[in-house]
Structure formats: structure tokens, C-alpha cells
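Enquirer: the following comprises the amino acid sequence and a computationally predicted model.
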Amino acid sequence: MAEKLLQNIQNPTDLRKLSPEQLPVLAKELREFIIDIVSRKEGHLGASLGVIELTIALHYVFNTPEDLLVWDVGHQAYGHKILTERRDRFHTNRQLHGISGFPKRSESIYDTFGVGHSSTSISAALGMALASNLKGETEKQHIAVIGDASIASGMAFEGLNHAGVTDANLLVILNDNAIGIDPSVGALKDYLTSVKEGKNPKDNNMMKSLNFEYSGPIDGHDLDALLKELNRLKHKKGPKFLHIITTKGKGMQLAEEDQVKYHAPGKFDAITGEIHPKSEENLPPKFQDVFGHTLVELAKQNEKIIGITPAMPTGSSMKFMMEAFPERAIDVGIAEQHAVTLAAGLATQGMIVFCNIYSTFMQRAYDQLIHDVALQHLPVIFCLDRAGLVGEDGATHHGAYDLAYLNCIPEIMVCAPKDELELRNIMYTAQLGLEHPIAIRYPRGRGLLQNWQQPFERMEIGKAELLRKGTEVAVLSTGFIGNNITEALNTIENSGLFSHYHFPFVKPLDTETLKDICEKYKEIITIEDGTVVGGFGSQIASFCTENNYIISVKKLGIPDTFIEQGTVSEQQQICGIDVNSLKTIFTSR
């Protein structure tokens, strides 16, 4: 058996020793390598399979890492990582102490910009290009690879708008496959479709209007065409735009046919592509599904309810609302800022808006949350999925900061339910009519209860709950992490020392219960699945100080550092909030 080409490629210098005729063979080997590893180790699949030829062509034509290559979002960069000195470590992808699932500056000189959220590549590459101009590096190349879903985001347009009036040596490559995680939406998607189908007049080109030299669309799986066009553009100065057409999941039939499922399919058969089924029998539901089904249940009773998601109908389970009430469920694309202000506009007209955004992506709409919602007392209901530690996606995707960044905003309520029933009940309570906006945070993954579809009960806003009565130490928690405390206390001998209070509302706080706690106990321990800096524990400590209570407050949660990729269990251990760590803390009292 002939030796595989990929075995002899450690970096792009080795790649450039191949002849152009050998590159299609390498593309096949690279696809097989990714499929083999991801089938066993899990990860993002379809996106990387779709850009194999582009990845090879970019590193073949351009002098990376001296020429600077920026990948947007980065879940399509597996081939890039393998060709840039990480082939032998690729099996550790997304694992604790392994390589990141996304480009990361500290990991490799070939990762010129750290990514994980969308639509940053054009601005970053433009900044690099302008810096090169200032340093007199006029021959250096700067390439941003961005998808058709990401380019529809406002930040990408801002970058294009700026780049078009500069002399920056910038190449923007649009990887157009008509899908992000879910299918792309919006007028820009329709425009790109018309361009691909040849229906758009040649003199009516958006990118040319923005002063980019436009070329394409070309077949992104045709290596000869890619090499020819990239070599041509390499010698052109100023802003350039290359439109390529690709197929997400290319080279694996099932991944091409079901691009949503094979975005991150879990474990599967590397030969057939069949996903290994996971038994869901007798398992509690995912929190996202509790949200999705509950929203439909409420929408059947209340015709004013509207659902909004920025490009995550599957991930947030807003898809259930879209199927049941398509006219009342809106996917706005990758546009969190627009999603929040759209929700505000709807709320001014009496609509009851459930705006579902991953906690980590809500960070991108912070000004809109303050200026357009809270300042105007608009009762938008924000459902923040993937709150807390999220696992293998790592530092770019943790919902670690929502309690802290929401806490300081006037006129907003913040709720963290401990289980599926509380999530249902706070959603029910919120749609009955609130005077202020509310943010409801819940974790990635499954809950605890199989029998969760119980009749709705109205929750009392701002009320804490005593879950366990003890004598000396008050343990205060908010949200799902409180279940770790329950499990830990159930298995230690000195559990009688501890009372456990659940605070479903971080804002407003139950100050009456807090006063009672401060007067009764010798010590307070706070536990949260969020940053300890400015979060729930900080609020408790501030309350004690401001009210002159002399009591020790120990804060447990996510420390003041970025937590890298790994399983949620491993990440909780790092933070000291897993069950075993809590047992150790409690037994030492």
C-alpha cells in the first residue's frame, strides 16, 4: 500500500512541495482523517468537510503563517489545524488539555485570531492589513474566510463598509453553502442565491458597490479553479472579494443530505456515516426541549406570544414553535443585536416576546438589552440557553457572565430555575404580565425530571426557598447547580450542620430571607454556575456588608479565569463546584 501524502505533511511548507496534481488525493485523505477522528471523538463535522479544498488551496498559494489567515467562527478549521502542525494531536480535539475546537492564538502561530463567535473575521483581518500598511509590509496578504450566514451579521457589514474605503491588502472569501448551523435566512441569502443562479445582473453587485474587486462565484471544490483564482488575487492590491460555492458535509453522503444533523453529529460509523443512536428512553428532557415545548403550550393559550431566535432554531428548540406557529416564530439569522431590539419593538405593541439567545451570544447585544429594553421598561422575556459551563466548546461558549452582566442593569429581573418544573413555571408566570424585562437562564443538557409536564403554577417573584434545614452553615445557590449541593449533602455525615437555600431570583433578591439567614447562621457559602466576580455570591456578600452583618461569606463558582474545553464534569471539578469537591468542602466544616 502506497504511503499516504498526509503522513508526510506537518505544516504548509511540506504541503507546498506537492504538485497541484497531488492535491485532490490529499483532499480525499484529509476528509477521511477528519471523518475517522470525529466519528470516534465527536466534534463539528460538516463545516470542515465543506472547506477541505479551500483549506488546502489557501495554505498552498499563500505563505502562511507570514500571510495572515482568519477563519470566521472557526468550527470549519479542522483541516487547517491538521495541516498546521497539529495532525498528531488532532485526536485530543475539544478534550481537556487537548487542542481547542476553534482557532486559538496561544495554540499555534497559524491561528492568527481566536474565534468561536461569528462575523469577526473581516474586522480582524482588516485591522491586520492596516497594521501591515503602517509597518510598510506591502506584500503581506490578509485573508478572511466567512460563511454566508455569518456575513449577514451587522458586524460583518461594518467591516466591509470600512474596508471598501481603504487601500488595505484584504481578501474576503465568502464560503457560500446556504447554511450555518441551521439554513441561512434573510434577503442577503436570497441575493446570494440569485447570484449563484446567474439571475443577478452583472452591474448590480453588492460587493462591487462597496469598492471590492469581486470575482466568482466559483466551485469551491474545484482545486484547479481555486488555485488559479487565488494566485490571480494574490497579485491584486486593495480589498478583494471571492465568492465560492461549497457543500457542507462534502464527501460524506449522509452529511451532505442532512446538513443540520451532521453539523455536530456525535459518534457515528466512519464508513457508512450512520450516527450511533443514543438511547433516550427513561431519560429526563433537555432544558432546551422543555423551553421549546412549553413555549408551544403557552402560545396555544395566548395568541400574543411571539418567539425569536438568532439563527438557533434547532439548538434552542424554537423549531417546535416554528412548526406549530410559523407566523409567530422568527429566526432573524446571526443578528443578536437586531433580535433584542426587534423584541423591544414587538413589546411596545403589546406582544409577549420570548427571545431565546444562548447566554454567550447575549453578550453581543448588551447595549440593546440596556438601551432598547431595560431603559424603556419593556417586558421582553429573555431565555438564556447554555448558561454556565458548556463543555467541549470551551472558553468562547461558556455562559459564565450573564449573572454578573445582568445584575448591574436596573429594571431587569434575573431568574435561574433549579429544574424543569421551575423553568416551565417562570415562563408561565412571565407571560401573565410583568412590568419589567426578565432573563431566565438555564444550562446546556438534560434536567432531572421525567414527569416534568405538570400543570402550571404561578411563581412568586423574588422569593427564595429553603430546601434543607440545618444548624450552623447556610448554603445558598441559584439555578441547576443547586442539585450538586443536594447530592453532596445527602451523602455526608455532618449534613445536619447545613441549611440549603435555593434563590431562583438573583434579581430581585429575597432580602427578608437573607436577613433571617444572616441572623441565624455562623457562615454562608454561595454556589453558582457563573463567575464569582460580580455574580450571585458577590451580591450576597454586598448585602451582608451594606447591612452591617458580620458573617463569613465563601463564594464558589467559576473563578476569575477562562475555563478551557473539556466535559462539563471536568470543568466543574476545575471550578470546585462538582459533587465531590462540595463534599470535601462540607465535611471540612
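Expert: The structure has been received and is ready for your questions.

Enquirer: please name the nearest non-neighbouring residue to T526.
Expert: G537 (3.5 Å; C-beta to C-beta, 6 or more residues apart in numbering). Every C-beta, even on glycine, is put in place using the N, C-alpha and C of the backbone.

Enquirer: so where does that neighbour fall, helix or strand?
Expert: For G537, the element it lies in under DSSP states H and E is helix 536-546.

Enquirer: where along the stretch 351-500 of the chain do the strands fall?
Expert: Taking DSSP state E, counting those that start in this stretch as the test, the strands found in the stretch 351-500 of the chain are 352-358, 381-385, 413-415, 438-441, 465-468, 473-477, 498-502.

Enquirer: distance from the chain centre to the fifth one, please.
Expert: Put plainly, it is strand 465-468. 33 Å (C-alpha atoms, centre = their mean, to the nearest Å).

Enquirer: which residues sit against it?
Expert: G482, T486, L489, S495, F498, S499, H500, Y501, H502, P504 (C-beta atoms under 8 Å, 6 or more residues apart in numbering).

Enquirer: just the buried ones out of these, please.
Expert: Using 16 or more other C-beta atoms under 10 Å as the burial test, the contacts of strand 465-468 include G482, T486, L489, F498, S499, H500, Y501, H502, P504 as buried.

Enquirer: state the distance from the fifth one to L134.
Expert: It stands for S499. Distance, S499 to L134, by C-beta to C-beta, to the nearest Å: 61 Å.

Enquirer: list the buried ones in stretch 27-40?
Expert: A27, E29, L30, R31, F33, I34, I35, I37, V38, S39.

Enquirer: and stretch 177-188, by the same measure?
Expert: N177, A178, I179, G180, I181, D182, S184, V185, G186, L188.

Enquirer: where's G350 relative to P379, distance?
Expert: 10 Å.

Enquirer: dump the helix ranked longest in the chain to PDB, restricted to CA.
Expert: As assigned by DSSP state H, the longest helix anywhere in the chain is helix 23-41. The C-alpha trace of helix 23-41 is given here as PDB (Å, rounded to 0.1, in the frame of the first residue of the first chain):
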ATOM      1  CA  LEU A  23      -3.800  17.900  -4.100                       C
ATOM      2  CA  PRO A  24      -7.100  16.100  -4.900                       C
ATOM      3  CA  VAL A  25      -5.600  13.000  -3.400                       C
ATOM      4  CA  LEU A  26      -4.600  14.900  -0.300                       C
ATOM      5  CA  ALA A  27      -8.100  16.300  -0.100                       C
ATOM      6  CA  LYS A  28      -9.500  12.800   0.000                       C
ATOM      7  CA  GLU A  29      -7.100  11.700   2.700                       C
ATOM      8  CA  LEU A  30      -7.800  14.800   4.800                       C
ATOM      9  CA  ARG A  31     -11.500  14.200   4.600                       C
ATOM     10  CA  GLU A  32     -11.000  10.500   5.600                       C
ATOM     11  CA  PHE A  33      -8.800  11.600   8.500                       C
ATOM     12  CA  ILE A  34     -11.300  14.100   9.900                       C
ATOM     13  CA  ILE A  35     -14.200  11.600   9.500                       C
ATOM     14  CA  ASP A  36     -12.300   8.900  11.300                       C
ATOM     15  CA  ILE A  37     -11.300  11.000  14.300                       C
ATOM     16  CA  VAL A  38     -14.600  12.900  14.600                       C
ATOM     17  CA  SER A  39     -16.600   9.600  14.300                       C
ATOM     18  CA  ARG A  40     -14.900   8.400  17.400                       C
ATOM     19  CA  LYS A  41     -14.200  11.600  19.400                       C
END
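
Enquirer: now do the very next helix or strand once past that helix, average pLDDT.
Expert: Next along the chain after helix 23-41, taking DSSP H and E as the criterion, comes helix 46-50. Averaging pLDDT along helix 46-50 gives 95.

Enquirer: which elements pack onto helix 46-50?
Expert: If contacts are counted by 3 or more C-beta pairs under 8 Å, 6 or more residues apart in numbering; DSSP states H and E, helix 46-50 sits against helix 23-41.

Enquirer: next up, the contacts around V172.
Expert: So V172 contacts I122, A125, I143, A144, I146, L160, A163, F212, P239, K240, F241, L242 (C-beta under 8 Å, 6+ apart).

Enquirer: is the nearest residue to A77 once chain neighbours are set aside bridged to anything, and to what?
Expert: Spatial nearest neighbour of A77, excluding adjacent residues (C-beta to C-beta, 6+ apart): W71 at 4.6 Å. With DSSP bridges as the criterion, W71 is bridged to V145.

Enquirer: ok, now how distant is the residue most central in space within the chain from F361?
Expert: For the chain, the residue nearest the mean C-alpha position is H397 (4.6 Å; C-alpha atoms, centre = their mean). Counting by C-beta to C-beta, the separation of H397 from F361 is 9 Å.

Enquirer: give me the more crowded residue out of G350 and P379.
Expert: Legend: neighbour count by other C-beta atoms under 10 Å for G350 and P379, higher for P379 (18 against 7).

Enquirer: state the distance from the more buried one to G154.
Expert: 25 Å.

Enquirer: ok, Q259 next?
Expert: Taking C-beta to C-beta, one finds Q259 at 25 Å from G154.

Enquirer: those two: which has the busier surroundings?
Expert: More neighbours surround Q259 than the other of Q259 and G154, with 23 against 14 (other C-beta under 10 Å).

Enquirer: for the stretch 101-250 of the chain, what spans make up the helices?
Expert: 121-134, 154-163, 187-196, 206-209, 223-234 (DSSP state H, counting those that start in this stretch).

Enquirer: got the angle for the second one vs helix 121-134?
Expert: Orientation of helix 154-163 against helix 121-134 (axes from the mean of the first three to the mean of the last three C-alpha atoms, to 10 degrees) gives an angle of 30 degrees.

Enquirer: likewise for the last one?
Expert: Interaxial angle, helix 223-234 versus helix 121-134 (the same axes, to 10 degrees): 40 degrees.

Enquirer: for my notes, confirm K300 occurs in a strand.
Expert: No: checked against DSSP: H, G, I helix; E, B strand; the rest coil, K300 lies outside a strand; its state is helix.

Enquirer: what about the nearest residue to it once chain neighbours are set aside, how many residues nearby?
Expert: In this structure, K300 finds its nearest non-sequential neighbour in A324, 7.7 Å apart by C-beta to C-beta, 6+ apart. A324 is flanked by 17 other residues according to other C-beta under 10 Å.

Enquirer: in terms of contact, does A324 touch L298 like I think?
Expert: No: taking contacts as C-beta atoms under 8 Å, A324 lies outside contact range of L298: 11.0 Å.

Enquirer: ok so, going back, from the contacts of strand 465-468, which one has the minimum pLDDT?
Expert: S495 (93).

Enquirer: can you pull the contacts of it?
Expert: Contacts of S495 by C-beta under 8 Å, 6+ apart are R468, G470, L489, F586.

Enquirer: give me phi/psi at the residue nearest to K300?
Expert: phi -80, psi -40 (degrees, to the nearest 10).

Enquirer: separation between it and P559?
Expert: 42 Å.

Enquirer: run through the stretch 1-150 of the chain and note the low-pLDDT ranges.
Expert: Within the stretch 1-150 of the chain, the stretches with pLDDT under 70 are 1-2.

Enquirer: contacts for stretch 338-358?
Expert: 154, 291, 295, 302, 304-310, 312, 315-316, 318, 330, 332, 336, 365, 368-369, 372-373, 376, 378-386, 397, 399, 427, 431.

Enquirer: which of those fall within helices?
Expert: Per DSSP H, the contacts of stretch 338-358 map to helices at G154, F291, L295, G315, S316, E336, Q368, M427, Q431.

Enquirer: TSV for these, including pLDDT and distance to P508?
Expert: TSV is the format used below for the ones in helices among the contacts of stretch 338-358 (pLDDT from 0 to 100; distance: C-beta to C-beta, whole Å):
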residue	pLDDT	distance to P508
G154	91	33
F291	98	23
L295	98	25
G315	94	30
S316	96	26
E336	97	26
Q368	98	23
M427	98	18
Q431	97	19
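
Enquirer: contacts only, for the residue nearest to T526.
Expert: Taking C-beta under 8 Å, 6+ apart, one finds L476, T526, I527, E528, V553, K555, L556, G557 in contact with G537.
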